[in-house]
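>>> mind looking at a prediction? Sequence and model below.
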Amino acid sequence: MKVKVISRSTDEFTRERSQDLQRVFHNFDPNLRTQEKAVEYQRALNAAKLDKIFARPFIGAMDGHIDAVSCMAKNPNYLKGIFSGSMDGDIRLWDIANRRTVCRFPGHQGAVRGLTASTDGSTLVSCGTDCTVRLWNVPVATIMESGNSSACSSEPQAVYMGENAYWAVDHQWSGDLFATAGAQVDIWNHNRSQPVNSFKWGTDSVISVRFNPGEPNLLAASASDRSIMLYDLRVSSPARKLIMRTKTNSISWNPMEPMNFTAANEDCNCYSYDARKFDEAKCVHKDHVSAVMDIDFSPTGREFVTGSYDRTVRIFQYNGGHSREIYHTKRMQRVFCVKFSCDASYVISGSDDTNLRLWKAKASEQLGIILPREQRRHEYNEALKKRYKHLPEVKRIVRHRHLPKPIYKAGVLRRVMIEAERRKDHRRKAHSAPGSIVTEPMRKRRIIKEVE
């Protein structure tokens, strides 16, 4: 005689971490769940509203500089350390976790305009309007762990003198070379007191320079004559040049797609380009109402952050035309520099009011330890919002942002001006001979010419 016995483990029908809650098994047959769409839509609506309720992006400010913060640099090997330079020549190393200064590097007599760290994080390079480039030995791990500034040296490792003011500096992602931007683009080696190479294309000063993360010998620069240039260190002459209608203040390469870069422009927009094809921009990123001063890509390559003269910080998708998020405070003034943290979780901004501010990259993200059930719930809510994002009510809640009155009014005025220009072009085209006027999209219209 055979006897069959049903045997079940307690773990199979109770929830984790609580043995008193019974697990509910759902039947997903559409015939039995006729209200599935309506229930999911309501959940998506609630998830969008909860995001607004828990949106607290501002974490804290790091106060210590006595003049405007002009530049910042990340340490690739140490997550919670960041360097900042100000207009009075002061350079500081900050502990982001405790929001305090752990080291200072005095020496510059004028404004510090550029900061960059080597790939191993042991060397800091700074440049400024006092016509000097300084190399600092920075044992960041020792300084952070000990908690005192005695481990950092107050004297620079090397000082290089130039004939003109320097406006930007960037270190090679893999190698011992770094580039400075001033009257020309100079390529330096750590062990030599003179530039190993110099590039000059035109007479105006270069204001930004960035090395490519995928190809160590390729770098992009922007100049005050509204041009964007590509240089290759393996040849003696510049590679390509693009002239736009307005000046480009900063450039950032996409770390996941090293052939693409995004330029922060004076005309309130950012333009993404493919370095292999300069005849038009890949995407135009709008929403700022004043000049975009700085830009930095997330390590994931999916987003970038911008700081503007309109006193706001915005986060864009790498292929999105409008900003995903906008950050502002009552006391924050014109933003001169922005950086994504090395783990893509935080954004740091430096502004004219002498403060560095720390923000969450996702405004409603929960900080601290998240239980597995909480994590699954967050993922479920994100999937719901993504599925129903095209519906009017969910779309309105997700897109809505409270803005300061001056920025809101400036945005309304800018939209009125753009609409008036579009209407004028449409009427001119309608009252002209067919084919005599060709309307180009903004991706091409902002480019004057390309110089090989």
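Yes, it's here.

>>> so what's Lys74 up against?
Counting by CB atoms under 8 Å, 6 or more residues apart in numbering, Lys74 makes contact with Ile82, Phe83, Ala117, Lys339, Ser341, Cys342. C-beta coordinates here come from the backbone N, C-alpha and C atoms, glycine included.

>>> can you check Tyr273 too?
Ile228, Leu242, Asn260, Phe261, Thr262, Ala263, Ala281, Lys282.

>>> please redo it, this time with the cut-off set to 6 Å
Phe261, Ala281 (CB atoms under 6 Å, 6 or more residues apart in numbering).

>>> part of a strand, is it?
Yes: per DSSP: H, G, I helix; E, B strand; the rest coil, Tyr273 lies within a strand segment.

>>> hey, what's it bridged with?
Beta-bridge partners of Tyr273, counted by DSSP bridges, are Phe261.

>>> partners of Asn137 in the sheet?
Thr123.

>>> doesn't Gln157 make contact with it?
Yes: counting by CB atoms under 6 Å, Gln157 is a contact partner of Asn137 at 4.8 Å.

>>> which of the contacts of Lys74 count as buried?
Ile82, Phe83, Ala117, Lys339, Ser341, Cys342 (16 or more other CB atoms under 10 Å).

>>> could I get these as TSV with pLDDT and secondary structure?
Shown next, in TSV, are those (pLDDT from 0 to 100; DSSP: H, G, I helix; E, B strand; the rest coil):
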residue	pLDDT	secondary structure
Ile82	92	strand
Phe83	93	strand
Ala117	92	strand
Lys339	95	strand
Ser341	93	coil
Cys342	90	coil
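
>>> which among those gets closest to Asp425?
Distances from Asp425 to the buried ones among the contacts of Lys74, taken as CB to CB, are shortest for Lys339 (38.6 Å).

>>> from Tyr166, how far off is the closest residue to Ile91 other than its chain neighbours?
Using CB to CB, 6 or more residues apart in numbering and skipping the chain neighbours, the partner closest in space to Ile91 is Phe105 (4.0 Å). Counting by CB to CB, to the nearest Å, the separation of Phe105 from Tyr166 is 16 Å.

>>> which SS class is Ile407?
Per three-state DSSP, Ile407 ends up helix.

>>> so which helix or strand of this structure has the lowest pLDDT on average?
helix 140-146 (a mean of 62; mean pLDDT, DSSP states H and E).

>>> what ranges of the stretch 351-452 of the chain fall below the confidence cut-off?
Applying pLDDT under 70 to the stretch 351-452 of the chain picks out residues 451-452.

>>> try it again at 80.
442, 445-452 (pLDDT under 80).

>>> and the helices in this protein?
Counting by DSSP state H, the chain has helices at residues 36-53, 140-146, 372-387, 392-399, 405-430, 442-445.

>>> and Ala179, which of these is closest to it?
Using CB to CB, these put helix 140-146 closest to Ala179, at 22.5 Å.

>>> for the closest residue to Glu163 other than its chain neighbours, grab phi and psi.
Nearest residue to Glu163 in three dimensions, chain neighbours excluded: Cys131, at 6.7 Å (CB to CB, 6+ apart). Backbone torsions of Cys131, given as degrees, to the nearest 10, read phi 70, psi 30.

>>> neighbour count for Phe105 and Tyr166, which is higher?
Tyr166 (27 against 24; other CB atoms under 10 Å).

>>> and the nearest residue to the more buried one once chain neighbours are set aside, what does it touch?
Using CB to CB, 6+ apart and skipping residues adjacent in sequence, the residue nearest Tyr166 is Cys127, 3.7 Å away. By CB under 6 Å, 6+ apart, the contact list for Cys127 reads Gly114, Val133, Tyr166, Val169, Thr180.

>>> how deep is Pro299 tucked in, by neighbour count?
Neighbours of Pro299 (other CB under 10 Å): 15.

>>> scratch that, His322
11.

>>> just Ser84 next, same as before
Ser84 has 25 neighbours, counted by other CB under 10 Å.

>>> show me the beta-bridge partners of it.
Assigned bridge partners for Ser84, using DSSP bridges, are Met72, Arg92.

>>> that one contacts Leu93, correct?
No: under the criterion of CB under 6 Å, Ser84 makes no contact with Leu93, lying 8.3 Å away.

>>> related to what we said a few turns ago, for the residue nearest to Ile91, phi and psi?
phi -130, psi 90.

>>> where does it land on pLDDT?
pLDDT for Phe105: 89.

>>> pLDDT weak spots in the stretch 151-300 of the chain?
151-154, 201-203, 236-238.

>>> run the last query once more with 70
Checking the stretch 151-300 of the chain against pLDDT under 70 turns up 151-153, 203.
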